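Visitor: Next one to model:
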Amino acid sequence: MKHSYFRTPLLAAALVLGSAAASAQEAAGYPSRPVTIVVPTAAAGGTDTMARLFADMLGKSLKQPFVVDNRPGANGIIGLENVAKAAPDGYRLLFTYAASMTVNPSLYGKLPYDPLAGFAPIAQVGRGGNLLLVRRTLPVNTLQEFVNYAKAHADQLNYCSWGPGSGGHLTMESLKKQAGITMTHVPYKGSSPCVQDIMGGQVDAGFADVSSTVELVKAGRVKALAHSGAGRLPSLPDVPSMTEANYPFKNYAWYGFFAPAKTPAAIVAKLNEQVQRALQDPTLIQRMRELNFTDLPLTTPEQFAQVVRQDQKDWGRLVQEIGVKLD
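Guide: The predicted model follows:
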C-alpha cells in the first residue's frame with residue numbers, strides 16, 4: 001500500500017510532463033499544412049479585410065498558407081459554431097469581431113456552443129468603434145441634426161446592420177433610446193451589403209466598420225455623422241465621437257483570433273507570439289493606421305480571455321437596458 005501511495009503522484013506528474021512535452025513537440029512542427037481562418041461575415045467587409053491582412057502576415061512568418069473561409073449569417077453564430085466544433089489542432093481558427101463573441105450570449109437563450117468554454121482566446125487585434133453613416137441625400141450633417149430629423153419623421157426612416165443583435169444594431173438601438181427616436185431596423189448578413197444600400201439610397205442610415213467605409217466617406221458617397229469609439233479618427237478629424245456629440249457610447253469594438261477549446265496551449269502561445277510580432281511590424285502598423293486602427297493592444301491569451309469576459313458583462317448590461325432578445 002505504501003509503495004502504491006507514493007507511486008500515484010509520481011505517475012501523475014510523469015503524465016503531466018509527458019503531455020507538456022508532447023504539446024511542445026507538436027507546436028514545434030506547427031503548422032505543417034495550410035491553416036483555415038473562419039470569418040463569420042461576408043467577404044469585403046471590415047472583419048474580412050482585417051482577417052486577410054493577418055492571414056498574409058501569418059502565412060509568411062509560419063511558411064504555410066493561411067486561408068480565409070467566409071461563413072456569414074446568424075449574427076456570427078454559423079462561423080463560431082463551425083470553429084467551436086472543429087478539431088482542436090490549430091488548423092481551423094476563428095477571426096471575428098467583438099459582438100459575435102460578447103453580445104450573442106445575452107441575446108440568445110441558447111447557443112450551439114459555449115461562448116466562453118468553447119474557445120481558446122489567442123490574441124486581440126485592434127480596438128475602436130464604428131461609424132454612423134447616412135445616405136448622402138439625407139438633409140443632415142451632424143448627429144444632432146439626424147436626431148432632430150428622425151423626430152420630425154417618426155417611423156419614416158430605416159437603418160441597416162449586419163444582423164439582429166449585432167454591434168451595429170445595438171449601437172443604433174442605444175442611440176434611439178437616448179434620443180427618443182423611432183426607426184425601422186433592416187438586418188443584413190454582413191456589413192458590406194448594408195453599406196452598399198446606404199450608398200444606393202435604399203437605406204437611410206446604419207453603423208458600419210471604419211476600415212471598409214472611410215474612403216467612401218472621403219469620396220462623398222455616404223456621410224459620416226459620428227464615431228462610436230473613444231474619440232475622433234485621424235483620417236476623419238471632423239467626425240465627432242458619439243460621446244462628444246452628447247450621446248455617450250463606451251462599448252468599443254475589437255477584432256480577435258480564437259481557436260477551438262482544448263487546442264494545445266503551446267500552439268495557442270505560438271500563434272499569439274506571431275500575432276504580437278505582426279502587430280509590431282512597421283508595415284502592418286501603417287496598414288492598420290490606414291484602416292483607422294490606432295489602438296493596437298498587445299495581449300497574452302490570458303489577458304484577451306479577461307477582455308472577453310468583461311465585455312460579455314458590459315454588453316450584457318446594454319442588451320438588458322435596451323430590452324433586445326432573440327430566439
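Visitor: all helices for the protein, in order.
Guide: Using DSSP state H, the helices found in the chain span residues 2-28, 46-62, 77-84, 98-102, 104-107, 143-152, 167-179, 191-200, 214-218, 265-279, 282-290, 301-322.
Visitor: Report the residue ranges of every domain in the chain.
Guide: 23-128+253-322, 130-227 (automatic domain parsing).
Visitor: Which of those domains sits closest to residue 242?
Guide: Residue 242 lies closest, by Cβ to Cβ, to one member of the domains of the chain: domain 130-227, at 4.8 Å. To be clear about C-beta, it is placed using only N, CA and C from the backbone, and glycine gets the same treatment.
Visitor: do you know how far the residue nearest to residue 281 when sequence neighbours are not counted is from residue 279?
Guide: Excluding its sequence neighbours, the residue lying closest to residue 281 (Cβ to Cβ, 6 or more residues apart in numbering) is residue 57, at 7.1 Å. Counting by Cβ to Cβ, to the nearest Å, the separation of residue 57 from residue 279 is 9 Å.
Visitor: circling back to that earlier point, hey, which of the helices of the chain is tucked in deepest?
Guide: Mean neighbour count (mean count of other Cβ atoms under 10 Å) peaks for helix 98-102 among those, with a mean of 25.
Visitor: what helices or strands is that helix leaning on?
Guide: Helices and strands touching helix 98-102, by 3 or more Cβ pairs under 8 Å, 6 or more residues apart in numbering; DSSP states H and E, are helix 77-84, helix 167-179, strand 253-260, helix 301-322.
Visitor: for this protein, what are the low-confidence residue spans?
Guide: Regions of the chain meeting the criterion pLDDT under 70 cover residues 1-26, 292, 294, 327.
Visitor: returning to that earlier point: give me the common contacts of residue 57 and residue 279.
Guide: By Cβ atoms under 8 Å, 6 or more residues apart in numbering, residue 57 and residue 279 have no common neighbours.
Visitor: Report the contact partners of the nearest residue to residue 147 once chain neighbours are set aside.
Guide: Across the structure, with Cβ to Cβ, 6+ apart as the measure, the residue nearest residue 147 apart from its sequence neighbours is residue 179 (4.4 Å). Applying Cβ under 8 Å, 6+ apart to residue 179 gives the contacts 147, 150, 151, 247.
Visitor: Just list whatever residues bridge to the residue nearest to the spatial centre of the chain.
Guide: Using Cα atoms, centre = their mean, the residue of the chain that lies closest to the mean C-alpha position is residue 97, 0.9 Å off. Partner residues in beta bridges with residue 97: residue 255, with DSSP bridges as the criterion.
Visitor: Generate a markdown table for the helices of the chain, with distance to residue 91 as supplementary columns.
Guide: Rendered in a markdown table, the data for the helices of the chain read as follows (distance: least, Cβ to Cβ, whole Å):
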| stretch | distance to residue 91 |
| --- | --- |
| helix 2-28 | 12 |
| helix 46-62 | 12 |
| helix 77-84 | 11 |
| helix 98-102 | 21 |
| helix 104-107 | 25 |
| helix 143-152 | 45 |
| helix 167-179 | 29 |
| helix 191-200 | 27 |
| helix 214-218 | 34 |
| helix 265-279 | 9 |
| helix 282-290 | 23 |
| helix 301-322 | 18 |
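Visitor: any idea how far the nearest residue to residue 246 once chain neighbours are set aside lies from residue 211?
Guide: Using Cβ to Cβ, 6+ apart and skipping residues adjacent in sequence, the residue nearest residue 246 is residue 144, 7.6 Å away. Distance from residue 144 to residue 211, counting by Cβ to Cβ: 26 Å.
Visitor: Quick check: residue 232 touching residue 243?
Guide: No - Residue 232 is not in contact with residue 243 according to Cβ atoms under 8 Å; the separation is 10.8 Å.
Visitor: Can you name the residues that contact residue 242?
Guide: Residue 242 neighbours (Cβ under 8 Å, 6+ apart): 132, 143, 175, 226, 227, 228, 248, 249.
Visitor: Can you pick out the most distant pair from those?
Guide: By the measure Cβ to Cβ, 132 and 248 form the most distant pair in the contacts of residue 242, at 13.8 Å.
Visitor: Name the residue in those two with the higher neighbour count.
Guide: Neighbour count, other Cβ atoms under 10 Å: between residue 132 and residue 248, residue 132 has more, with 27 against 11.
Visitor: wouldn't the more buried one be in contact with residue 229 here?
Guide: No - counting by Cβ under 8 Å, residue 132 does not reach residue 229; the two are 11.3 Å apart.
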